[in-house]
Structures are given as structure tokens and as C-alpha cells.
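K.L.:
After the sequence you'll find the predicted model.
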Amino acid sequence: MSWIQEGELNLLERISANILKAGPMPKHVAFIMDGNRRFARKKNMERQEGHTQGFNKLAETLRWCKQLNIREVTVYAFSIENFKRPKDEVDGLMNLARQKFEKLLDEREKLEKHGVCIRVLGDLNLLPPDLQQVIAKAVLSTRAHNKCFLNVCFAYTSRYEITNAVREMAWGVEQGLIKASDVSEALLSECLYSNSSPNPDLLIRTSGEVRLSDFLLWQTSHSCLVFQSVLWPEYSFWNLCEAILQYQVNHQSIQRTPHPQFPNII
Ligand code: FPP
């Protein structure tokens, strides 16, 4: 399946989308796409088929987000912790990524037409060299696009990202490029993999697990967190609408939380 789905919403979905869009909409949504293996078990499928259907659901969700004017999406596609899974599963996920990033290179025209910029956040050095190359080519081929953004967190955990940022600042101090007193929240944010993105407004985790599992810990300190029981490959347009509705209900109190750059504004 392609990364870019061309389909339209049906009439009922369109009406619901327009009602939702009358309220405050999140501009950036992050997803922890959890439950692929449980889905495969439930349907008596191979585990790998669960991950493939997980990718298909990602493509479908991106289409819904576009139709809801959500410009930026960040997904947790492979955690550094996932390297501890059985070798055949890790190899299967690497093969899926290889196949999908190669496909992305074939789809350059479609990505240009829709203005989709794809970024990969994580430590690519942890990946097989051929996959590093395909990812680098795919990312470079869309870097000038600016209508919508997809950030794929791959070989990523948040604590690794923050540790890396701290190490980078320590190196800067050691080299005399910055002073210790230059270290600040703003500088640390600049050193994160996510430095080109605003923080997510809404973070959604599927499968009923109620934790962040080392995903975007720094970036979601003021985001609305929504946990849904549906398994990721079964995620529906209506699940997304429900999450956005929860965001809208909580919007006023989210707006009232102190802004990191202007802590005195409540
Ligand atoms: C969590 O479900 C999901 C993953 C570890 C992988 C997610 C990957 C995809 C949806 C495919 C994305 C691929 C690309 C190339 C972007 P789980 O395996 O932990 O399932 P469980 O919670 O039921 O055990």
C-alpha cells in the first residue's frame, strides 16, 4: 500500500468533519500505534501481517488527518526497545521499513503534488546501512515540501533523544562554542531530533495501554493525551473524531497551562 491515499470522506464523515472543524482543531497530532501483534493474534494471522496492516492503517489515518486540516503527524514506528524483540520480528519490521521507504521514493511525484515532507527522527546509526541509505534518500527527496509533515520516529526513544541533546550541549561547552550559562530549555529543544516541529497538540495511544513508553516526553508536557482501547490496525475515522473531541473539550484548560517561553502567562 502507498503512503498517500487519494480517497474522499463519505457524506456522513464529511458532515462530522465540518462540525469538528468549527471548533479548535489540533495542528499537530502524535500517535503511538499500539496493538499490531494483539490484532494479528485475534485474527489468527502471522505477527508480520499485523505490522503490515499497521502500516496500511497509518496511510489511511494520514488521509483522514489531511481531510481534517491536521498539517503535522508524528508516529512511533520503531522504538530502540523494539530491538530486544525476537530477531525474526525485528528483521520483519526492518524489511517493512525498507520496502515502504523504497516505495516512497517511487511516489515522489504524488508527495510533491500534496506537498508532503517526511522526516525520520531517531538514531539512524542503529539501523542496517542499506536501510539508512534508503531513508536518507527518501527524506532528502521531500525536504523542500511544506504543506504537511510526517515525522516517523524510528530507532527512537525520548530519553535517548534528550541524552543526545545534553551530550551535544556538553560538547559545545567543552569546545568553547557556548558557555555553561547558555544551556536553557530553549537550547535543549533546539538540540532534539524534533527541532523543526512545533510540539504536538494531541497525543493518541491505541490498544488500551495507558503510558507514554518513552515517546516525546519533552515535547508533550502540555499536550492533550488520549488513550483509546481500539487496536491500531482497527483504528477508524470515528476513533480519530472522538480523540479530537476530547482535545476540544480540554482545549481551554490546555490553553491556560503556562507557556514554556512565557511562564508568567497563565
Ligand atoms: C506496536 O504494536 C507497534 C510497533 C512496534 C510497530 C509499529 C509499526 C507500524 C505500524 C508500521 C510502520 C512502518 C513504517 C515503515 C512507518 P505491538 O507490536 O507492540 O503490538 P502489541 O502491543 O499488540 O504487542
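P.N.:
In hand now; what should we look at?
K.L.:
Which residue would be the closest one in the protein to the ligand?
P.N.:
The ligand sits closest to Gly54 of the chain, with a gap of 2.9 Å, by Cβ to the nearest ligand atom. From N, CA and C alone the C-beta is placed, and that goes for glycine too.
K.L.:
Tell me if I'm right that that residue and Trp232 touch.
P.N.:
Yes: here Gly54 reaches Trp232: they are 5.3 Å apart, a contact under Cβ atoms under 8 Å.
K.L.:
which residues are in contact with both of those two?
P.N.:
Both Gly54 and Trp232 are in contact with 33, 36, 39, where contact means Cβ atoms under 8 Å, 6 or more residues apart in numbering.
K.L.:
The ligand next: which of those are close?
P.N.:
33, 36 (Cβ under 6 Å from any ligand atom).
K.L.:
could I get the shared contacts of Gly54 and Trp232 as TSV with pLDDT, neighbour count and secondary structure?
P.N.:
Conversion of the shared contacts of Gly54 and Trp232 to TSV gives the following (pLDDT from 0 to 100; neighbours: other Cβ atoms under 10 Å; DSSP: H, G, I helix; E, B strand; the rest coil):
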residue	pLDDT	neighbour count	secondary structure
Met33	98	22	coil
Asn36	98	24	helix
Phe39	98	24	helix
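K.L.:
now the shared contacts of Gly54 and Trp232 as JSON lines including distance to Ile162?
P.N.:
Listed next are the shared contacts of Gly54 and Trp232 as JSON lines, based on distance: Cβ to Cβ, whole Å:
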{"residue": "Met33", "distance to Ile162": "22"}
{"residue": "Asn36", "distance to Ile162": "27"}
{"residue": "Phe39", "distance to Ile162": "31"}
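K.L.:
ok, the shared contacts of Gly54 and Trp232 vs Gln132, which is closest?
P.N.:
Met33 (22.3 Å; Cβ to Cβ).
K.L.:
what about the strands in the protein?
P.N.:
28-32, 72-79, 116-121, 148-156, 202-205, 224-227 (DSSP state E).
K.L.:
possible to save these as CSV with distance to the ligand?
P.N.:
Converted to CSV, these look like this (distance: least, Cβ to the nearest ligand atom, whole Å):
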stretch, distance to the ligand
strand 28-32, 8
strand 72-79, 4
strand 116-121, 9
strand 148-156, 5
strand 202-205, 10
strand 224-227, 13
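K.L.:
Let's have the ones you listed in a markdown table, adding mean pLDDT and mean neighbour count.
P.N.:
Listed next are the strands of the chain as a markdown table, based on pLDDT from 0 to 100; neighbours: other Cβ atoms under 10 Å:
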| stretch | mean pLDDT | mean neighbour count |
| --- | --- | --- |
| strand 28-32 | 98 | 25 |
| strand 72-79 | 98 | 23 |
| strand 116-121 | 97 | 21 |
| strand 148-156 | 98 | 23 |
| strand 202-205 | 98 | 26 |
| strand 224-227 | 98 | 19 |
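K.L.:
Let's have the ones you listed in CSV, adding distance to Val90.
P.N.:
As requested, the strands of the chain are exported to CSV (distance: least, Cβ to Cβ, whole Å):
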stretch, distance to Val90
strand 28-32, 19
strand 72-79, 9
strand 116-121, 17
strand 148-156, 11
strand 202-205, 22
strand 224-227, 26
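K.L.:
Which residues of the stretch 101-250 of the chain lie near the ligand?
P.N.:
So the stretch 101-250 of the chain meets the ligand at 152, 207 (Cβ under 6 Å from any ligand atom).
K.L.:
Now do the contacts for the nearest residue to Ile254 once chain neighbours are set aside.
P.N.:
Spatial nearest neighbour of Ile254, excluding adjacent residues (Cβ to Cβ, 6 or more residues apart in numbering): Cys224 at 5.6 Å. Counting by Cβ under 8 Å, 6+ apart, Cys224 makes contact with 26, 201-203, 246-247, 250-251, 254.
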